[in-house]
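Asks: Dropping the sequence and predicted coords here.
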Amino acid sequence: MAFPIPPQLEGLLLVCLAKNPEERPQSAAALVRLLDAIDIERWTQAQAEAWWAAAEATGKDKPAAKLPHAPTGESVTRAAAIFETGRG
């Protein structure tokens, strides 16, 4: 089962991976606030259990998913803009 990654969540992930630590969320509380600001459907416990059941059925650690990658050379500033606007 593959699930698309919303652009805002992908942008936040890229911000968390910023080379410069000052560009990353400065605390777990800051990260929670940023996650809460993303307007996406939250997974229920049943959805999470179904995802893991599918993983176990395939005999792998987790279901295979084609995850989008940031274009080569994309800056953290661009990632932050994606996060804030939800647009690439």
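Replies: Structure received. Numbers count the residues shown, from 1 in each chain.
Asks: my guess is Pro25 contacts Leu34, does it?
Replies: Yes: between Pro25 and Leu34 there is a contact at 5.9 Å, judged by C-beta atoms under 8 Å. In this view, the C-beta of every residue, glycine as well, is placed from N, C-alpha and C.
Asks: intersection of neighbour lists for those two?
Replies: Residues touching both Pro25 and Leu34 (C-beta atoms under 8 Å, 6 or more residues apart in numbering) are Val15.
Asks: outside of stretch 29-37, which residues touch it?
Replies: Leu12, Val15, Cys16, Pro25, Phe83.
Asks: Throw the residues you listed into TSV and include distance to Trp43, neighbour count and secondary structure, thanks.
Replies: Formatted as TSV, these follow (distance: C-beta to C-beta, whole Å; neighbours: other C-beta atoms under 10 Å; DSSP: H, G, I helix; E, B strand; the rest coil):
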residue	distance to Trp43	neighbour count	secondary structure
Leu12	16	22	helix
Val15	21	20	helix
Cys16	19	15	helix
Pro25	21	16	coil
Phe83	20	21	helix
